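**Student:** here are the coordinates; sequence isn't available:
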């Protein structure tokens, strides 16, 4: 008979959403993990919510992945992504331990060092121009290291299939979803590389010494390198022209708009970026029928003629 340290019931995504930030529900699991690996903690607190249950326990970040009963199939993208980053020389959290707790549900878990830093999204937009340029250039150097052919395992991804089952596009006209599928199906995996996939203001940290650290590798993909652009340009950089120019090494132009638009259409969170563009430009969802409509909104918010 299985133990039952975890007392709550998980029977779908909504039930997971109600519990995944509850310290009381997860502390018995965390305590068991720490005993298993000889670790100690005094207090547990919440960290920025995402898909999985993430807590700060003493000096460690504990990520407990949603079990299969949540409707999400657990994978090893986070662990594999961190290993890839460290292998190519990108600063990422040190892995302390990982495994699976076989309790009421099977919970994969990952314990990492906690990196002290300020979320870049809270800091970079108040920097003077020269420091913005230096930050964006450092991000470009970081992505150049990350976005290389992937030789490891654990990130077996199919961009076209992800696009096919991505219901986030359902708020837009069917014609747009059809074009999303066409773009994804036409991709050639010959040029695919590792991508972090979620380089947002929350997942890039600036340490006290000015260093850059990347966290949350759970959305790692094998995809075109441009897959990295939508969260980076639209969320981390917030369309700031100084940051974009320094990252690209040139003025934003129509080629850049085309690349960014295509990347949005194949991105797991692409529909969310398009919704944000609609809100910024005042466009109605029902008027976004083609990639050309997305590109037009891009030109407007990025001030590209």
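**Tutor:** Here it is on my side, so go on. Keep in mind it's a predicted model, so treat the numbers as computed, not measured.

**Student:** report the helix or strand with the lowest average pLDDT across the chain.
**Tutor:** helix 159-164 (a mean of 82; mean pLDDT, DSSP states H and E).

**Student:** buried residues, the helix or strand just after that one. List them.
**Tutor:** Counting by DSSP states H and E, the next helix or strand C-terminal to helix 159-164 is helix 174-185. Buried residues in helix 174-185, counting neighbours by 16 or more other CB atoms under 10 Å, are found at 176-177, 179-181, 183-184. The way it works is simple: take the backbone N, C-alpha and C, and place the C-beta from them, glycine included.

**Student:** try stretch 118-134
**Tutor:** Neighbour counts using 16+ other CB under 10 Å place 119-121, 123-124, 127, 132-133 of stretch 118-134 among the buried residues.

**Student:** so of those residues, which ones are in strands?
**Tutor:** Counting by DSSP state E, these place residue 119 in strands.

**Student:** including pLDDT and distance to residue 38, could the buried residues of stretch 118-134 go into TSV?
**Tutor:** Shown next, in TSV, are those (pLDDT from 0 to 100; distance: CB to CB, whole Å):
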residue	pLDDT	distance to residue 38
119	93	31
120	95	34
121	90	36
123	90	36
124	93	39
127	90	42
132	95	44
133	96	45
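
**Student:** just the buried residues of stretch 118-134 now: which is nearest residue 215?
**Tutor:** residue 119 (9.6 Å; CB to CB).

**Student:** so what pairs up with the closest one in the strands?
**Tutor:** Here residue 119 sits in beta bridges with residue 205, going by DSSP bridges.

**Student:** my read is that it contacts residue 213, right?
**Tutor:** No. Using CB atoms under 8 Å, residue 119 is not in contact with residue 213; the gap is 10.7 Å.

**Student:** coming back round to it: turn the buried residues of stretch 118-134 into CSV, including distance to residue 59.
**Tutor:** Formatted as CSV, the buried residues of stretch 118-134 follow (distance: CB to CB, whole Å):
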residue, distance to residue 59
119, 19
120, 22
121, 24
123, 23
124, 27
127, 29
132, 32
133, 34
